[in-house]
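Student: quick one: sequence plus predicted model below, questions after.
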Amino acid sequence: MAKTIITAALTGAITPHGYDVPETPEAIAACAYECWKAGASVVHLHMRDDQGAGVMDPVKFYQTISILRNQYPDCDVIVNCTSSGDNRVSDDSPYGNAVRVLHHANVPGIEMGTFDAGSFNWGIPGGVFHNSPKMLCDLGTLYQEKNIKPEFEIFDLGMLRAVGVYWKKGFVKAPLHFQFCLGVVGGLAATPHDLQLLLDEMELMQKRGDLPAECTWSAFGIGKGHLPVMFAALAKNGNIRVGMEDNVVYGRTADGKKIMATNLLLVERAANAIKAYGNEVATPAEAREMLGLKPLDHEAVCAALDAVKVEDLEAAKQAVADEFGGPYFAATSMGGKK
């Protein structure tokens, strides 16, 4: 029987404060554990600052992963951390690019990391999400050094083609894993039709040798497109992502009132959909095998986390500020002093 991976995107960077979104390291770790018990084999992590805004703070990532591994020792969920959790540092500046990967460079226990394979406009008014070729080459190199598997977030066809170039040039290695992100104004729509466009292009690229044969993929739709994309992904033998990062409405009552979502409700529905389709929900151990990841060595990960000192992470933050002159971590919204 086929196995299907559920990724739970718990928090996001821009889901508004006030929804049922975990924001503190303790809450994010507890939610990850709850979703793991419901069937999620991967958790995709963003951090929030003390005011609820998205933040790329390695201390927050460290605290969350440390709590998850030490306080929930039975949980073997795969930890996937964003590289793009705050538009304030997604400007392609040397400082912003350094801040975006501080946690990947300094925090143990991160098994996967996002690799947004190009730049695009978020929407109207929105902003520009910068991912320059140099930044992505550096990111791919860092991931290889740290043995972190890239999750290629694909918002449009051109990004799929770009990944093929990074692969051919050696900045990333097979097997490749794609996350098809559908529904952003500047990218493909959250429809089965546009998902099929990506799958057709991926198949053509593999036939031409522009992508390796060893590829896996997952997909999600933003907002009301989350269910059509989830069911289409199942029908196409893909994997699925759900969570409050992507959608805050679970459904509607008979009289049209919104039923607000939680991460647990969304994971439970995804697991039930997989079973109804005739597949089995992949365990984290099975997902690691499917994705080409090493088995989790819980004892070694905990030992590495225990060896980390918060003051060293703070020093790393200060070092990039000193090198590039950036004020990011000193801002009031980051918990800094006024």
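Tutor: Cool, the structure landed. Numbering: from 1, shown residues only.
Student: beta partners of residue 116?
Tutor: With beta bridges defined as DSSP bridges, residue 116 has these partners: residue 153.
Student: number of nearby residues for it?
Tutor: Look at residue 116: counted by other C-beta atoms under 10 Å, it has 24 neighbours. The way it works is simple: take the backbone N, C-alpha and C, and place the C-beta from them, glycine included.
Student: for it, what are its contacts?
Tutor: 83, 84, 129, 131, 153, 155, 159 (C-beta atoms under 8 Å, 6 or more residues apart in numbering).
Student: what is the subsequent helix or strand relative to the one helix or strand residue 27 maps to?
Tutor: Using DSSP states H and E, the element containing residue 27 is helix 25-38. Next helix or strand after helix 25-38 toward the C-terminus (DSSP H and E): strand 42-45.
Student: ok, residues contacting that next one?
Tutor: Residues outside strand 42-45 that contact it (C-beta under 8 Å, 6+ apart) are 5-11, 28, 32, 35-36, 61, 64-65, 77-82, 112, 114, 151, 241, 243, 245, 284, 287.
Student: buried ones in that strand?
Tutor: 42, 43, 44, 45 (16 or more other C-beta atoms under 10 Å).
Student: buried subset of the contacts of residue 116 as a PyMOL selection?
Tutor: PyMOL command restricting these to the buried ones, with burial defined by 16+ other C-beta under 10 Å:
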select buried, resi 83+84+129+131+153+155+159
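Student: tell me the one of the contacts of residue 116 nearest residue 194?
Tutor: Proximity of these to residue 194 (C-beta to C-beta) peaks at residue 155, which lies at 10.5 Å.
Student: just want the most central residue of this protein.
Tutor: residue 44 (4.1 Å; C-alpha atoms, centre = their mean).
Student: please name the nearest non-neighbouring residue to it.
Tutor: Once flanking residues are discounted, residue 44 sits nearest to residue 9: 4.3 Å by C-beta to C-beta, 6 or more residues apart in numbering.
Student: residues contacting the one you found?
Tutor: 44, 46, 220, 241, 242, 243, 244, 245, 246.
Student: for residue 218, see how far away it is.
Tutor: As for residue 9, its distance to residue 218 is 11 Å (criterion: C-beta to C-beta, to the nearest Å).
Student: quick one: mean pLDDT for stretch 283-302?
Tutor: The average pLDDT within stretch 283-302 is 98.
Student: ok, stretch 18-32 next?
Tutor: 96.
Student: go ahead and name everything in contact with that stretch.
Tutor: Contacts of stretch 18-32 (C-beta under 8 Å, 6+ apart): 8, 10-12, 15, 17, 40, 43, 45, 47-48, 52, 60, 63-65, 67-68, 71-72, 75, 77, 244, 248, 260-264.
Student: okay, buried residues for stretch 273-292 please.
Tutor: In stretch 273-292, the ones that count as buried by 16+ other C-beta under 10 Å are 273, 274, 281, 282, 283, 284, 287, 288, 290, 291.
Student: so of these, which ones are in helices?
Tutor: Counting by DSSP state H, the buried residues of stretch 273-292 place 273, 274, 284, 287, 288, 290, 291 in helices.
Student: and of those, the nearest to residue 323?
Tutor: residue 291 (34.3 Å).
Student: so who does that closest one touch?
Tutor: Contacts for residue 291 (C-beta under 8 Å, 6+ apart) come out as 5, 78, 112, 149, 175, 177, 216.
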